[in-house]
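Participant: using only what follows, build the 3D model:
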Amino acid sequence: MLKKFCSFFLNRPIIFILGVVVGGGLSLVINRVPKDFFLKQQVPKEVPDLDPFADFEVPMNDRISAKIRNYTRPNTKAGLLESYKRSGKYLPMIQAIFEEYNLPQYLAYLPILESAFDPNSLSQAGAVGLWQIMPATALDYGLKINRWIDERRDPEKSTIVAAEYLQFLYDKFGNWELALAAYNYGFPRLIRAMKREKVVNYWQIQRIPRETYNFVPKFYAFLHIFSDPDKYGVRLPEKSKPLDYETIEIEATFSIDQIARLADVPPNVIKDFNPALTAKIAPSGKYSIKVPVGVKDHFMQQYKDNPPEQVQITYETYRVRRGDSLSKIAKRFGTTVRAIKADNNLRSSRWIKTGIKLRIATVTVIKQAVPDRTEFADAKVEIDSVYTPPPNQLRFLYRVERTGLSLKLLARYYSVTADEIRKWNPLIPVDDLQKGEQLKIYKRKSLATFHRTRRGDSLWRLARRYNTTVSNLRRWNQVRGSKIYPGSRMVVGLK
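Facilitator: Predicted coordinates for the structure are as follows:
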């Protein structure tokens, strides 16, 4: 029986017929499989762009419709499309930070309404930058404002502050329409308006300034246009390319013209990449300068071969006498009224009280060439070696954000003594601290809570988990931006 079975299947005609049937079946199956099925393991998957309208349906009502009609008029439309085009410089950075803070992506377009995506935008009320941040908000969130820099104009730093403030407002009100209105109007005033009118819905509030009344409808109007431009007869322009940059840590003080010569780019390029620089020189001490990608190596080589003359900024304290005015003081020290106001956070030049202390800066050029970087490093070691902490101590750096902060108040904040702060910082001359000074504070390691970062961790998630704030995490760990990397040991709590 077995012999007959084998002789049947080994018959050549039978083998040919079986081959045709099996081959045809495989061909049919392969043709029905998607062509890229077999390539999935070889072709790397591209990271998709962040969709600002994902999981969000833009609301519509009569007030929003009226703003859409206004934005699609020729004159108004031109300004809107110019802002849309300019957004390409900053939008990827904003979206990345908002993703880090778990904020809705469509909020990344808010600067169109605030500043038309111009980091140098200045309002009549004194708000500045992409996000139109007021001075008080900037100081609350740790942004520096002085005669040299205004970090409200820094796109990345101001975006981080805006992200924290927007999240705070959302936690306060529970929905984004009220949070956006509060961003424009101020949350205490919006709360009073809601209580006065006994309403809890943004669309029901009537007695608020016209700007706030139209703020959310305008925002939703251009979101409708951006999400479906064909519907509204709008042709969106191509967005500008993102500002890709490298950073150079400058340890001395140089003018913008000197930096531009070393980088071999026009001075206006340095200004475009560093809008926070409001003076013609970079601030004293270590400062990060942004330059176009590919320029850093040339800068460092030029700096090594032809070091420029160093600009030195020195400060001294002056106690106001009877009969003094800012113009007289400025003339005496060879500076300007504007510089004194900026260094001392003075809003008016008319009234200065007798007896108050002013911080006066003078600028001189050192003819001697800038020392080698290793000399800077040696000098830093000598200064730091004035106090050698025990091995069980953690060092924190505190940057003074307002002139007149007392040493005792700072000591209470960190639960240490003023004498200890003086011991750790022997170069501090007086008890009243000056804005911009940086102090070292030491705490026992046993008082700190640590976390080893893992993939997927973010500052926002860690702040939520350990019941603290993103600002505290950045201050405790000297983190400048919003990125953290797996494997880092971070302080997430301090008793």
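Participant: how long is stretch 281-297 end to end?
Facilitator: 21 Å (C-alpha to C-alpha, to the nearest Å).
Participant: what's that stretch in contact with?
Facilitator: 146, 148-149, 244-256, 259, 263-265, 269-270, 273-274, 299, 311-313, 363 (C-beta atoms under 8 Å, 6 or more residues apart in numbering). All C-beta atoms are positioned from the backbone trio N, CA, C, and that covers glycine.
Participant: can you give me the buried ones in it?
Facilitator: 281-284, 287, 289-292, 295-296 (16 or more other C-beta atoms under 10 Å).
Participant: among those, which two are most distant?
Facilitator: Farthest-apart pair in those is Ser284 and Pro292; separation 24.7 Å (C-beta to C-beta).
Participant: any of the contacts of stretch 281-297 buried? List them.
Facilitator: Buried among the contacts of stretch 281-297 by 16+ other C-beta under 10 Å: 146, 148-149, 248, 250, 252-256, 259, 263, 265, 270, 273-274, 299, 311, 363.
Participant: now, those that are in helices?
Facilitator: Assigned to helices by DSSP state H, the following of the buried ones among the contacts of stretch 281-297 qualify: 256, 259, 263, 270, 273, 299.
Participant: nearest to Asn472, of those?
Facilitator: Phe273 (29.8 Å).
Participant: tell me the contacts of the closest one?
Facilitator: Applying C-beta under 8 Å, 6+ apart, the residues near Phe273 are 243, 245, 290-292.
Participant: how about Ala108?
Facilitator: 52, 91, 94-95, 98.
Participant: ok so it is a helix residue?
Facilitator: Yes: assessed by DSSP: H, G, I helix; E, B strand; the rest coil, Ala108 belongs to a helix.
Participant: element containing the nearest residue to it once chain neighbours are set aside?
Facilitator: In space, and not counting its chain neighbours, Ala108 is closest to Ile94: 4.4 Å by C-beta to C-beta, 6 or more residues apart in numbering. Using DSSP states H and E, the element containing Ile94 is helix 91-100.
Participant: next helix or strand past that helix?
Facilitator: According to DSSP H and E, the helix or strand after helix 91-100 is helix 110-114.
Participant: what's the spacing between that following helix and its chain's center?
Facilitator: The chain centre lies 16 Å from the centre of helix 110-114; the measure is C-alpha atoms, centre = their mean, to the nearest Å.
Participant: that helix packs against which elements?
Facilitator: Judged by 3 or more C-beta pairs under 8 Å, 6 or more residues apart in numbering; DSSP states H and E, the packing partners of helix 110-114 are helix 74-86, helix 210-227.
Participant: mean confidence for that helix?
Facilitator: Across helix 110-114, pLDDT averages out at 95.
Participant: just stretch 475-485 next, same as before
Facilitator: The average of the pLDDT scores along stretch 475-485 is 74.
Participant: that stretch: end-to-end distance?
Facilitator: 17 Å.
Participant: repeat for stretch 238-258
Facilitator: 35 Å.
Participant: what does stretch 106-122 give?
Facilitator: 24 Å.
Participant: and the helix or strand where Leu409 lies, what's buried?
Facilitator: Assessed by DSSP H and E, Leu409 sits inside helix 407-414. For helix 407-414, the neighbour count (16+ other C-beta under 10 Å) marks 407, 410-411, 414 as buried.
Participant: cool, and stretch 433-450?
Facilitator: For stretch 433-450, using 16+ other C-beta under 10 Å, the buried residues are 433-437, 439, 441-443, 448.
Participant: walk me through the domains of this protein.
Facilitator: 7-43, 62-232, 309-369, 391-494 (automatic domain parsing).
Participant: return the most buried member of those.
Facilitator: Across the domains of the chain, the average number of neighbours (mean count of other C-beta atoms under 10 Å) peaks for domain 62-232, which reaches a mean of 18.
Participant: name the next helix or strand downstream of the helix holding Leu409, please.
Facilitator: helix 418-424.
Participant: could you export that following helix as PDB, CA atoms only?
Facilitator: Coordinates of each C-alpha in helix 418-424 appear next as PDB, following Å, rounded to 0.1, in the frame of the first residue of the first chain:
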ATOM      1  CA  ALA A 418      22.600  84.200  58.700                       C
ATOM      2  CA  ASP A 419      26.000  83.500  60.200                       C
ATOM      3  CA  GLU A 420      26.200  80.200  58.300                       C
ATOM      4  CA  ILE A 421      25.300  82.000  55.000                       C
ATOM      5  CA  ARG A 422      28.100  84.500  55.700                       C
ATOM      6  CA  LYS A 423      30.600  81.600  56.400                       C
ATOM      7  CA  TRP A 424      29.600  79.900  53.100                       C
END
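Participant: re the thing from before, what is the nearest of the ones in helices among the buried ones among the contacts of stretch 281-297 to Pro237?
Facilitator: Closest to Pro237, out of all of these and judged by C-beta to C-beta, is Phe273, at 22.7 Å.
Participant: quick check: that closest one vs Arg152, distance?
Facilitator: 17 Å (C-beta to C-beta, to the nearest Å).
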